[in-house]
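Asker: sequence unknown, structure follows:
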């Protein structure tokens, strides 16, 4: 596991929680299982660029959401 994977997972979890979404809500928006969202957040599974794009769109993230 790489430091960047952990950083992405922490940011993903923080943004999801800030929006009041459950892992199941986000998973449904992106088209994956909630278990997969758990793995992304815990940096167990590396997030592909395509999935990262879908997550960013679902979480309404942009450069100013840092």
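Answerer: Looks like it came in fine. This structure is a prediction, so every number in the text was calculated from the model and none was measured.
Asker: Who are the packing partners of the biggest helix by length in the chain?
Answerer: Using DSSP state H, we find that the single longest helix of the chain is helix 3-18. In terms of contacts (3 or more C-beta pairs under 8 Å, 6 or more residues apart in numbering; DSSP states H and E), helix 3-18 is packed against helix 34-41. All C-beta atoms are positioned from the backbone trio N, CA, C, and that covers glycine.
Asker: so how far does stretch 38-57 reach from one end to the other?
Answerer: Stretch 38-57 has an end-to-end distance of 18 Å (criterion: C-alpha to C-alpha, to the nearest Å).
Asker: Show me what secondary structure element comes after the longest helix of the chain.
Answerer: Counting by DSSP states H and E, the element after helix 3-18 in chain order, helix or strand, is helix 23-30.
Asker: Show me what that following helix packs onto, helices and strands only.
Answerer: helix 34-41, helix 49-58.
Asker: Give me the below-cutoff pLDDT ranges for this protein.
Answerer: 63-66 (pLDDT under 70).
Asker: Report the central residue of it.
Answerer: For the chain, the residue whose C-alpha lies nearest the mean C-alpha position (C-alpha atoms, centre = their mean) is residue 12; its distance is 3.8 Å.
Asker: Right, I'll call it a day here.
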